[in-house]
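Asker: Provided below for reference: sequence and predicted model.
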Amino acid sequence: MTARDPIADLRRIAFLLERANEATYRVRAFRSAAKAVAALPSAEVAELARAGKLTKLSGVGEVTARCVAESLAGEEPVYLRRLAATEGADLDAEATALRTALRGDCHTHSDWSDGGSSIEEMALAAVELGHEYLVITDHSPRLKVAQGLTADRLRRQLDQVASLNEALPEGFRILTGVEVDILADGSLDQDEELLARLDVVVGSVHSGLSDERGRMTHRMLAAIANPHLDILGHCTGRMVSSRPAGVTGPGDRGHRRRTRGESDFDADAVFAACAEHGVAVEVNSRPERQDPPKRLIRRALEAGCQFAINTDAHAPGQLDWQRFGCERAARCGVPADRVVNTWPAERLVVWAGSRS
């Protein structure tokens, strides 16, 4: 194939990001990469690409290097293709349509762990929002700071959920679940027998977030291969702000943290594994998380992944945060048919159960 002009592609990406009012640092990354590539003879750039050494250039990072390599191979860079796909779209309308398509929320917390309200209060708030179901995913035992549930406490919670479901409005259902810690070896922090009983299992890394790239990648791949894992939660672990704006009180327990960078892992390998094993990638709607970043949502989409747009709510009012996740997903071109919580409860439960 005839090579494209990588400098023009990088500049076009920067232009589209700028027009979409994306973060200045992201625009600058593509403009800096274009400048670095333009300073070298084209043959030297091609040789660096063949050797996988483009990131040795000052101003060229992993993402921009991939774009250059794709251009030189005669392919429209994936990053550019995804931006172009949403160019001119009414993103407010797209986000609204995506939010309307959602039937439930697959990642929420109650006062059984670090949430601020009872399961019943969370469920009634979900009913008011028009949800058809709510998955309660309180934390697992080793996350003691969040009052993680032992196996016995989780069993008692399942009994309470069954009782509550008898009294809740017709057409609404609480689904059982857990946000299980992905441990250092990639195993899941709960009894196998209990994981098999639950409707939905979200798995997240909460410790060792600064593990080196190879170790973190291995850890995540092992968890994704576990047949009990249904959704990979907030995959980078980042915190872009110290706390949600305007949020105080018990529903904010566990979220008064400093900002935190992304964990380092092989995103291509992780998303390929998610696509292979049928694990959905969470678009976490918490304002202080915004996890994954949009560039990784686009890569997960390109890899063929399914998604779950969740709030990670720790209080009833936070259940309305799904709109934030929908806005980010819409900007990345995520279609509703790739989002598992647009499905009815029955289909969601059958899908999750088929993995076990």
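Answerer: That came in fine, so what should we check first? Numbers count the residues shown, from 1 in each chain.
Asker: ranges for the helices of the stretch 251-356 of the chain?
Answerer: 267-277, 294-302, 322-331, 345-355 (DSSP state H, counting those that start in this stretch).
Asker: And the helices in the chain, which stretches?
Answerer: 6-19, 24-38, 42-50, 62-72, 78-86, 91-101, 119-128, 151-167, 192-197, 213-225, 267-277, 294-302, 322-331, 345-355 (DSSP state H).
Asker: Tell me which residues are up against the fourth one.
Answerer: Helix 62-72 has contacts (Cβ atoms under 8 Å, 6 or more residues apart in numbering) with 3-6, 9-10, 13, 29-30, 33, 37, 45-46, 49, 54-55, 60, 76-80, 295. (Each C-beta comes from the backbone N, C-alpha and C, glycine too.)
Asker: mind checking which of the helices of the stretch 251-356 of the chain is nearest residue 211?
Answerer: helix 267-277 (13.4 Å; Cβ to Cβ).
Asker: where's the closest residue to residue 127 other than its chain neighbours relative to residue 345, distance?
Answerer: Of all residues not flanking residue 127 in the chain, residue 172 sits nearest, at 5.1 Å (Cβ to Cβ, 6 or more residues apart in numbering). Relative to residue 345, residue 172 is positioned 9 Å away (Cβ to Cβ, to the nearest Å).
Asker: which residues are in contact with both of the two?
Answerer: 132, 133.
Asker: Between these two, point out the one with more neighbours.
Answerer: The neighbour count for residue 172 versus residue 345, taken as other Cβ atoms under 10 Å, is higher for residue 345 (21 against 18).
Asker: my read: the more buried one touches residue 133, true?
Answerer: Yes: with contact defined as Cβ atoms under 8 Å, residue 345 and residue 133 form a contacting pair (4.4 Å).
Asker: shared neighbours of the two, which are they?
Answerer: With Cβ under 8 Å, 6+ apart, residue 345 and residue 133 have common neighbours 103, 104, 173, 175.
Asker: quick one: which of those has the most company?
Answerer: residue 104 (28 neighbours).
Asker: ok, now which ones touch the closest residue to that one other than its chain neighbours?
Answerer: In this structure, residue 104 finds its nearest non-sequential neighbour in residue 133, 3.8 Å apart by Cβ to Cβ, 6+ apart. Neighbouring residues of residue 133 by Cβ under 8 Å, 6+ apart: 103, 104, 126, 172, 173, 174, 175, 345, 348.
Asker: Likewise for residue 95?
Answerer: By Cβ under 8 Å, 6+ apart, the contact list for residue 95 reads 323, 326, 327, 329, 330.
Asker: cutoff 7 Å now
Answerer: Residue 95 makes contacts with 323, 326, 327, 330, as judged by Cβ atoms under 7 Å, 6 or more residues apart in numbering.
Asker: For those, name the two members farthest from one another.
Answerer: 323 and 330, at 10.2 Å, using Cβ to Cβ across the contacts of residue 95.
Asker: which of the two has more neighbours?
Answerer: residue 330 (23 against 16).
Asker: Distance of the more buried one relative to residue 20?
Answerer: Relative to residue 20, and taking Cβ to Cβ, residue 330 is found at 11 Å.
Asker: measure the residue nearest to residue 104 to residue 326 for me?
Answerer: Counting by Cβ to Cβ, the gap from residue 133 to residue 326 is 17 Å.
Asker: and the helix or strand of the chain with the lowest mean pLDDT, which residues are buried?
Answerer: Counting by mean pLDDT, DSSP states H and E, the chain has its least confident helix or strand at helix 78-86, which shows a mean of 85. For helix 78-86, the neighbour count (16 or more other Cβ atoms under 10 Å) marks 78, 79, 80, 82, 83, 86 as buried.
Asker: Also stretch 339-349?
Answerer: Buried residues in stretch 339-349, counted by 16+ other Cβ under 10 Å: 339, 340, 341, 342, 343, 345, 348, 349.
Asker: Tell me which other helices or strands the longest strand along the chain touches.
Answerer: Counting residues, the longest strand found in the chain (DSSP state E) is strand 173-181. Counting contacts by 3 or more Cβ pairs under 7 Å, 6 or more residues apart in numbering; DSSP states H and E, strand 173-181 is packed against strand 133-136, helix 151-167, strand 200-204, helix 345-355.
Asker: hmm, try it at 10 Å
Answerer: strand 104-108, helix 119-128, strand 133-136, helix 151-167, helix 192-197, strand 200-204, helix 345-355 (3 or more Cβ pairs under 10 Å, 6 or more residues apart in numbering; DSSP states H and E).
Asker: CSV please, covering these and showing mean pLDDT.
Answerer: CSV is the format used below for the helices and strands packed on strand 173-181 (pLDDT from 0 to 100):
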stretch, mean pLDDT
strand 104-108, 98
helix 119-128, 95
strand 133-136, 98
helix 151-167, 97
helix 192-197, 96
strand 200-204, 98
helix 345-355, 94
